[in-house]
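Asker: here are the coordinates; sequence isn't available:
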């Protein structure tokens, strides 16, 4: 899947807002606000349930990494997430 298509599919899911559980949260992190070198995917099955986290990292910006963005689309689809939330901007680590 090309990078633009993957980013559009993720943005479409995020735009829907909170629609209940299961929920996936995407947080982009990096050393500066310009480049996100990792993305943290947090999956919550139900309200009050223990969230599960998975991280993906890259030397370059993960928001422009075709492989990572395609994997995020597959995770969203396979998790059957009703809600996909994304933290604005890049979290400084």
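Answerer: Everything's here; your move. Everything numeric here is computed off the predicted structure, so don't read it as measured data.
Asker: who's in contact with the most centrally placed residue in the chain?
Answerer: The centre of the chain sits closest to residue 26, judged by CA atoms, centre = their mean, with a distance of 3.1 Å. Shown in contact with residue 26 (CB atoms under 8 Å, 6 or more residues apart in numbering): 10, 14, 39, 40, 41, 72, 84, 85, 86, 87. C-beta coordinates here come from the backbone N, C-alpha and C atoms, glycine included.
Asker: What of residue 35?
Answerer: By CB under 8 Å, 6+ apart, the contact list for residue 35 reads 60, 61, 90.
Asker: Of those residues, which is the most crowded?
Answerer: Among the contacts of residue 35, residue 90 has the most neighbours (other CB atoms under 10 Å), with 21 neighbours.
Asker: That residue reaches residue 31, doesn't it?
Answerer: No. Counting by CB atoms under 8 Å, residue 90 does not reach residue 31; the two are 9.2 Å apart.
Asker: ranges for the strands of the chain?
Answerer: 23-30, 38-44, 52-57, 83-86, 91-92 (DSSP state E).
Asker: quick one: which of these is nearest residue 66?
Answerer: Closest to residue 66 of these is strand 52-57 (CB to CB; 12.5 Å).
Asker: how much space between the residue nearest to the centre of the chain and residue 54?
Answerer: In this structure, residue 26 and residue 54 are 11 Å apart, going by CB to CB, to the nearest Å.
Asker: Repeat that for residue 67.
Answerer: 15 Å.
Asker: now do residue 70
Answerer: Applying CB to CB to residue 70 and residue 54 gives a distance of 15 Å.
Asker: which one of these two has more residues nearby?
Answerer: Set residue 70 next to residue 54 and count neighbours by other CB under 10 Å: residue 70 wins out with 16 against 11.
Asker: Skipping adjacent residues, who's closest to that one in space?
Answerer: residue 1 (4.6 Å; CB to CB, 6 or more residues apart in numbering).
Asker: just residue 33 next, same as before
Answerer: Residue 33 sits nearest to residue 90 (CB to CB, 6+ apart), 5.1 Å away.
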